[in-house]
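K.L.:
Take a look and give me a structure for this.
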Amino acid sequence: MSRNSLLILALVLVLAIPAVAADIAGKWTASFDTQIGVQNYTYTFKVDGGKLTGTAESPLGKTELTEGAVKGDEISFVENLDFQGNALKIAYKGKIAGDEIKFTRNVADMVTEEFVAKRAK
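P.N.:
The predicted structure follows:
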């Protein structure tokens, strides 16, 4: 096999490797200021391939996560919170860096909040 053929084969193999999802399974905690005061959250994430499931738990209750995905170091999901009898969609996007996730969350397409969640030890 020629040198060029080996280089092409190596390039094809590298490009064929899919982006591996970061290992975020487990519990993560966050405390951040919102329009209704400081919120303390515990997120429990489960990952199967690139699909993310789990829960978000706060003083307002426990919610199943939907539309979850992990791709490389990026994470996204939706928390459909029942707030005083009203459905409230909270969309999360985050970037994973070791034991921290820097999140941006959009509350009902009205308010954007930024915070950091840390892996529970």
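
K.L.:
CA only for contacts and neighbour counts going forward, please
P.N.:
Fine.

K.L.:
Would you map the helices across this protein?
P.N.:
Assigned by DSSP state H, the chain shows helices spanning 3-16.

K.L.:
got any ranges where the protein has weak pLDDT?
P.N.:
Along the chain, segments meeting pLDDT under 70 span 1-22.

K.L.:
At the geometric centre of it, which residue sits there?
P.N.:
residue 75 (3.2 Å; C-alpha atoms, centre = their mean).

K.L.:
For that residue, give me its contacts.
P.N.:
The neighbours of residue 75, taking C-alpha atoms under 8 Å, 6 or more residues apart in numbering as the test, are 68, 69, 92, 93, 94, 95, 96.

K.L.:
What of residue 28?
P.N.:
Residue 28 neighbours (C-alpha under 8 Å, 6+ apart): 42, 43, 44, 45, 117, 118, 119, 120.

K.L.:
separation between the residue nearest to residue 96 when sequence neighbours are not counted and residue 89?
P.N.:
Distances taken as C-alpha to C-alpha, 6 or more residues apart in numbering place residue 73 nearest to residue 96, at 5.0 Å, with adjacent residues excluded. Going from residue 73 to residue 89 by C-alpha to C-alpha, to the nearest Å gives 23 Å.

K.L.:
same deal with residue 120?
P.N.:
25 Å.

K.L.:
Can you tell me which of the contacts of residue 75 is nearest residue 36?
P.N.:
residue 92 (18.1 Å; C-alpha to C-alpha).

K.L.:
Give me the neighbour count for the closest one.
P.N.:
By other C-alpha atoms under 10 Å, the residues close to residue 92 number 19.

K.L.:
Could you shift the numbering so residue one becomes 39, and keep it that way?
P.N.:
Sure, I'll start counting at 39 from here, so that last one is residue 130.

K.L.:
isn't it right next to residue 116, touching?
P.N.:
Yes. The criterion here is C-alpha atoms under 8 Å, and residue 130 meets it with residue 116 at 6.0 Å.

K.L.:
Now do the strands in this structure.
P.N.:
Secondary structure of the chain (DSSP state E): strands located at 64-72, 75-86, 89-96, 99-109, 112-121, 124-135, 138-145, 149-157.
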